[in-house]
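Q: sharing a sequence plus its predicted fold:
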Amino acid sequence: MINNIINILLLCVFFAACKNETQVAKTPAAIKTPPTSQVIPAAKPAIQPVVKMDTVSVSTVEEIVENAKSNSVLVLQKGTYTLEKDLVYYMAKDERKIIDKKVVETRSIGGQLFFSGLTNFQINGKNGVEIVSKNPEAVPFFVIRGKNMKFSNLTIKKNIEGKADLCYITNSQEIEIDRFNIGGGGTYGMYISNVDNLMVSNSKISKSKTGIIRINQSRGIQFINSTFTNNVCTVPLINLYSSGSSVSFNNVTIIDNKKDPKSSFQNSDRLFAVNGNSIRLENCTIQNNKGYTSLGINQNFISRSQIEGVNY
């Protein structure tokens, strides 16, 4: 009897041990978790700082120079802003001044608004604003090393037959030009060099005597809802030279321009000189450009456009 009880107890111990071993075998290996100090939180999206823009109303060239600085908006009151031949209108990141070339010896060109190194800067003209240079050798509107700039509702011209372009933008980024009337006394209407992302919209270029636009090593250049007309030129109307440029024209009208019959420039019968750069036309109208017989652009880069009077 006692032996039977002992045997039963031994069996109970045996089965209990087997059960514990089975449970241990079924328990998964422990997962190692790094200490709380080693857990890297998810990155939060960067918060862009809000740039405060000071708005200033001006009515003279002197007031433009005085107030042209980064993080500012100049509102030009209606009128004519005359740039004197012997005065240098210099506006840089850390300095603004007007230099009288008759008093101070300088190689700087007089008769131009010279913007250098400005960031987050705008000029908005009220209807009827004209910027007029008296210097035939000056570029009336010159921008260099600018970033995040916008210029709108301005007329740029000279009151004398000129030997330089009217608007020159170089080594700059994120530039917007809207409602510009560029015309009168210039060789090219616009010269764009080493610029990233520039948009010209709702603008007009006329009365150029060499070409309408020339572009050098610039990317993301857009012309939108604009008109090029009444230019008498000696070279292709749109001249892309060097390499590395990408340019698009959307809803642009090129009409009633003329090749100067005295021109001896090679291939001056082309409307566009692309020279291996990237160019695209969309929703454009090209008509009645006398003396120009070749478009200069492959059909593969043209869509939904009306082109007359030139061969591809």
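A: Okay, I see it. Numbers count the residues shown, from 1 in each chain.
Q: shaky segments in the stretch 1-150 of the chain?
A: Scanning the stretch 1-150 of the chain with the threshold set as pLDDT under 70 gives 1-50.
Q: tell me where the stretch 1-150 of the chain has strands.
A: 54-58, 72-76, 79-83, 87-92, 96-100, 112-116, 119-125, 129-133, 141-144, 147-158 (DSSP state E, counting those that start in this stretch).
Q: now the ones you listed as TSV including mean neighbour count?
A: (C-beta placed from N, C-alpha, C; glycine too.) Below are the strands of the stretch 1-150 of the chain laid out as TSV (neighbours: other C-beta atoms under 10 Å):
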stretch	mean neighbour count
strand 54-58	13
strand 72-76	19
strand 79-83	17
strand 87-92	21
strand 96-100	14
strand 112-116	22
strand 119-125	20
strand 129-133	23
strand 141-144	22
strand 147-158	21
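Q: wait, N231 sits on T210?
A: No. Using C-beta atoms under 8 Å as the test, N231 is too far from T210 to be in contact (9.1 Å).
Q: how about TSV for the strands of the stretch 1-150 of the chain, with distance to S203 added?
A: Converted to TSV, the strands of the stretch 1-150 of the chain look like this (distance: least, C-beta to C-beta, whole Å):
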stretch	distance to S203
strand 54-58	22
strand 72-76	17
strand 79-83	18
strand 87-92	22
strand 96-100	27
strand 112-116	17
strand 119-125	13
strand 129-133	14
strand 141-144	12
strand 147-158	10
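Q: can you tell me which of these is nearest to I302?
A: Shortest distance between I302 and these, using C-beta to C-beta, is found for strand 147-158: 29.2 Å.
Q: please name the bridge partners of F180.
A: Taking DSSP bridges as the rule, F180 bridges to L154.
Q: for it, what are its contacts?
A: Applying C-beta atoms under 8 Å, 6 or more residues apart in numbering to F180 gives the contacts F151, S152, N153, L154, T155, I156, C167, V200, S203, K204.
Q: E63 too?
A: V56.
Q: mind listing the helices for the stretch 151-300 of the chain?
A: Per DSSP state H, counting those that start in this stretch, the stretch 151-300 of the chain has no helices. Nothing in it meets that criterion.
Q: so for stretch 88-100, first residue to last residue, what's the gap.
A: In stretch 88-100, first residue to last residue: 7 Å (C-alpha to C-alpha, to the nearest Å).
Q: quick check: closest non-adjacent residue to the most centrally placed residue in the chain.
A: By C-alpha atoms, centre = their mean, the mean C-alpha position of the chain lies nearest to L198, the distance being 1.9 Å. Excluding the flanking residues, the one nearest L198 by C-beta to C-beta, 6 or more residues apart in numbering is I175, at 4.4 Å.
Q: hang on, that neighbour packs against F141?
A: No. Assessed by C-beta under 8 Å, I175 is found out of contact with F141, at 11.8 Å.
Q: next one: the closest residue to D260 other than its chain neighbours from F115, what distance?
A: Distances taken as C-beta to C-beta, 6+ apart put T234 closest to D260, at 4.7 Å, once the chain neighbours are dropped. Using C-beta to C-beta, to the nearest Å, one gets 29 Å for the distance from T234 to F115.
Q: and V200, by the same measure?
A: V200 is 17 Å from F115, by C-beta to C-beta.
Q: what of E161?
A: Taking C-beta to C-beta, one finds E161 at 25 Å from F115.
Q: same check on N216?
A: From N216 to F115 the distance is 19 Å (C-beta to C-beta).
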